[in-house]
Each structure stands twice: as C-alpha cells, then as structure tokens.
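[1] sequence-free structure coming up:
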C-alpha cells in the first residue's frame, strides 16, 4: 500500500513567484496536515484539513493557503515567495483529525527560493 | 506556552556505542509522545509512540521512556550503526480535539565508523 506521496520532489522559484505543492494521503486517510521545516529546525505546523474543511492554522501569513479535494488529496499554495520560504514542506495524513490518530509523513518537497 | 525542548542539539558517537537523547515538554493537555527519525531531506519516520500510561516502549535497538510526571522522555539507541545517522525528533501531541503536534528541533546524531 502506498504511503503519503508529495510532488514535486524539488522546486526552485524566484522571489515574488507563486508555488503549488501537492500531497496525496494514504488510502482511507481523510485528514491532511502541512508543515514547513527550515534547515536545522523542527517542522512548523501550517494547516490541517479534514473532510475538505480547514481544522487548524499555524502562525503563517495569508500568502499561505491550502485546500483539500473530494479525494482527500491536498494542495498548498504560497504566493509572493520570499527567500525565507525556502524549506522542506512536509505533508502528513491521518485517518481523522481526532487525538488518537497517528500522522504519517510524506517525503517532503524541497523548495528553494532565489 | 506549549514547547518541546531536545538535548543535545548534536551528538557524534562511534559505531557500536550506545547513546541517549533527551526530550522535555510543556504541552498540555497531553495525548502522546512520539520519537521520529528523519534522514536528511526526507520525511520523518515514526520510531515509537507512548501514551500517558506507558513508561517504556522498544522498537528494535530503540528504547523510549516517558515520565509523564516530570514531562520528560528519552530515546536510547543500543549498539549504534552507521545507518542511525539522522535527526531524531521528539513530537508531543496535544490532547485536544485538534490534536496539534508540537515538534522539538531534533538531535542530529552522527555515527562514525
């Protein structure tokens, strides 16, 4: 059974551009969370979606947005890219948003902003 | 403020040696604590998960302990291997409806031959 998949693997953008990252959860998982991991730091929570609705949002500017589709896959969009947006973006899926469900992480998308 | 602190920040050991990584947290209410292994540029992979009532959990050469009273956890690695070189991240899940995860910065472990 396939795990969480993310695309693309790597991405290079210039300042001011927009980027869309994609995530496909494990089959049967209905919740997707997005995290930003800057080099040398732990992941920082960006969004959680469950059943296509936003259930939580971290301390990120409005340039960051996301959505979840009927098949539970998700997209993370970042507008007006800054150099500081360079990071590994991780997607994690879980069966539901409840406390007891473990999150499984994808391999991440490495975004470099020049 | 909910926080997870890990020590040491980095550690170098020789192959075959044991080591212990530390994690202190202030997350409340508490749901569970997990240790993840993250290879460079890859997503974290779960090693162990412990709830409030569990004191020790093992996964092969990895043994995690949890003291919920003092809010401390440790990850002990036995007979280290070169492939153990990675970042080890302590993650505490909040015991709320949202169940948000709080991540430590990780301990970067390097195993030398």
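    Alright, I've got the coordinates. Everything numeric in this text was worked out from a predicted model, so none of it was measured.
[2] please count neighbours and contacts with C-alpha atoms only from this point.
    Fine.
[3] okay, and the beta partners of residue B:58?
    Residue B:58 forms beta bridges with residue B:63, as assigned by DSSP bridges.
[4] hang on, it packs against residue B:35?
    No. Between residue B:58 and residue B:35 there is no contact under Cα atoms under 8 Å: 11.1 Å.
[5] which neighbours do the two share?
    B:48, B:64 (Cα atoms under 8 Å, 6 or more residues apart in numbering or on different chains).
[6] look at the two and report which has more neighbours.
    Each of residue B:58 and residue B:35 has its neighbours counted (other Cα atoms under 10 Å in any protein chain shown); residue B:35 has more, 27 against 15.
[7] quick check: the more buried one is in a helix.
    No. Going by DSSP: H, G, I helix; E, B strand; the rest coil, the assignment for residue B:35 is strand, not a helix.
[8] leaving out the residues flanking it, which one is nearest to it?
    Nearest-residue entry for residue B:35: residue B:90, 4.7 Å, with adjacent residues in sequence omitted and distances by Cα to Cα, 6 or more residues apart in numbering or on different chains.
[9] let's verify the one you found: helix, strand, or coil?
    Three-state call for residue B:90 (three-state DSSP): strand.
[10] mind listing what it touches?
    Neighbouring residues of residue B:90 by Cα under 8 Å, 6+ apart: B:4, B:6, B:23, B:33-36, B:103-106.
[11] leaving out chain neighbours, which residue sits closest to the most centrally placed residue in chain A?
    With distances taken as Cα atoms, centre = their mean, residue A:34 lies nearest the centre of chain A, 3.1 Å away. Once flanking residues are discounted, residue A:34 sits nearest to residue A:91: 4.7 Å by Cα to Cα, 6+ apart.
[12] now that neighbour: which helix or strand?
    Here residue A:91, judged by DSSP states H and E, is contained in strand A:87-94.
[13] within the sheet, what are the partner strands of that strand, with directions?
    When pairs are called by DSSP bridges, strand A:87-94 turns out to pair with strand A:31-37 (antiparallel), strand A:104-105 (antiparallel), strand A:109-113 (antiparallel).
[14] can you list the residues of chain A near chain B?
    Residues of chain A lying close to chain B by Cα under 8 Å from any Cα of the partner chain are A:40-45, A:55-56, A:88, A:90, A:97-100, A:104-108, A:110.
[15] contacts only, for the spatially closest residue to residue B:36 that is not a sequence neighbour.
    Closest residue to residue B:36 apart from its sequence neighbours, by Cα to Cα, 6+ apart: residue B:46 at 4.4 Å. Neighbour list for residue B:46: A:104, B:34-37 [criterion: Cα under 8 Å, 6+ apart].
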